[in-house]
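Undergrad: mind folding the following:
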Amino acid sequence: MGTWCAGPVLLEIVVPAHNEAGRLPAGLGLLSDKLAGLPVRAEVIVVDNASTDGTAEIARSWRGPVRVRVVRCDRRGKGAAVRAGLLATRAPWVGFMDADMATDLAALDDVLELLGDGRQVVVGSRRHDRSVVQAYALPVRRLGAVTFNRIVRDLAGGIADTQCGFKFFAGPLARAAAADLRTAGFSFDVELLAHCVRRGAEVTAIPVVWRDRPGSTFSVRRHSLRCLIDLALIRARAGSGGPLQSVRVPAQASAPSGEAPGAVAVRETPRAASGYGRG
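TA: Numbers count the residues shown, from 1 in each chain. Okay, the predicted model is just below:
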């Protein structure tokens, strides 16, 4: 039984994809099966990020228990792709995850419960004390992730690990934050969370089961300098009262047909660390 045959769409999940023809079919299969079993109707948005392989064709021809839409983003960069996907959403709850499904999808049950309880930002956390992390491919990636997150913790509301590719939001908040997002590369998560925090949102971190997948497009050697430059720009804009100081999103927004609210005041919760599938 598919989730797209009953009621309004309450959850939309963005999957950014640059040349993911090799990993996308398995990822969409896992995600579709999980979404079909959720108690709400859900859809997937695959953002074809200037792919030169069969990524777009695979997504457009997908036949499964949930609907898959394709959005084209010609500007290269994961941040640009996630921005395009979030701005294409309409549901009261939205999120994004990596095409390799490195984060076990069982965590979606916790996400739905927390969003339904009024949390505005829910992020997966490899460094949560109840998370299970099955090895980084290279030790230098783990060291880099820890160092990166220590540098940016204050920008993202105290979250110790900003980089996990498993983030969910109240829809109105996500769309407002994405509209202000300028960072196109791998540091975009920091700016996106900063936009949410500056709108008054609390960030809730949850434990996940995470498995390192081969084929990551992030390279410590090739991307570290660009990430540091992006972080400097994010800090400069935050300090200058630029777009990080945007108008606060209203605290209350109702979901269609009397369903659970999509954006309500967030309660203080114990903080835990979070990590990204490419970290």
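
Undergrad: could you look up the SS state of Glu12?
TA: Applying DSSP: H, G, I helix; E, B strand; the rest coil to Glu12 yields a three-state assignment of strand.

Undergrad: tally of neighbours for it?
TA: Neighbouring residues of Glu12 were enumerated by other C-beta atoms under 10 Å; the total is 24. The way it works is simple: take the backbone N, C-alpha and C, and place the C-beta from them, glycine included.

Undergrad: equivalent analysis for Val209, please.
TA: Using other C-beta under 10 Å, Val209 has 17 other residues around it.

Undergrad: measure it to Asn19 for me?
TA: Distance check for Val209 against Asn19: by C-beta to C-beta, to the nearest Å, it reads 26 Å.

Undergrad: kindly report the same for Leu38.
TA: Leu38 sits at a distance of 29 Å from Asn19 (criterion: C-beta to C-beta).

Undergrad: give the buried residues for stretch 168-188.
TA: Under the neighbour-count criterion of 16 or more other C-beta atoms under 10 Å, stretch 168-188 has 168-178, 180-188 buried.

Undergrad: swap in stretch 184-202?
TA: Across stretch 184-202, burial judged by 16+ other C-beta under 10 Å covers 184-199, 201-202.

Undergrad: inside helices: which ones of those residues?
TA: Applying DSSP state H to the buried residues of stretch 184-202, the entries found in helices are 188-197.

Undergrad: which strands or helices does the helix or strand where Leu115 lies pack on?
TA: In the assignment (DSSP states H and E), Leu115 maps to helix 107-116. On a contact count with 3 or more C-beta pairs under 8 Å, 6 or more residues apart in numbering; DSSP states H and E, helix 107-116 meets strand 93-97, strand 121-125, strand 166-170, strand 203-207.

Undergrad: circling back to that earlier point, want to throw the ones in helices among the buried residues of stretch 184-202 into TSV with pLDDT?
TA: Shown next, in TSV, are these (pLDDT from 0 to 100):
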residue	pLDDT
Phe188	93
Asp189	92
Val190	89
Glu191	92
Leu192	94
Leu193	92
Ala194	89
His195	93
Cys196	94
Val197	91
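
Undergrad: so where's the stretch 51-200 of the chain shaky on pLDDT?
TA: By pLDDT under 70, the low-scoring segments of the stretch 51-200 of the chain are 135-158, 160-161.

Undergrad: and if we set it to 80?
TA: Within the stretch 51-200 of the chain, the ranges that satisfy pLDDT under 80 run 135-161, 186.

Undergrad: now the helices and strands packed on helix 107-116 as TSV including distance to Ala80?
TA: TSV is the format used below for the helices and strands packed on helix 107-116 (distance: least, C-beta to C-beta, whole Å):
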stretch	distance to Ala80
strand 93-97	13
strand 121-125	20
strand 166-170	16
strand 203-207	22
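
Undergrad: mind checking which of those strands is nearest Leu115?
TA: Nearest to Leu115, of all those, is strand 93-97, at 4.9 Å by C-beta to C-beta.
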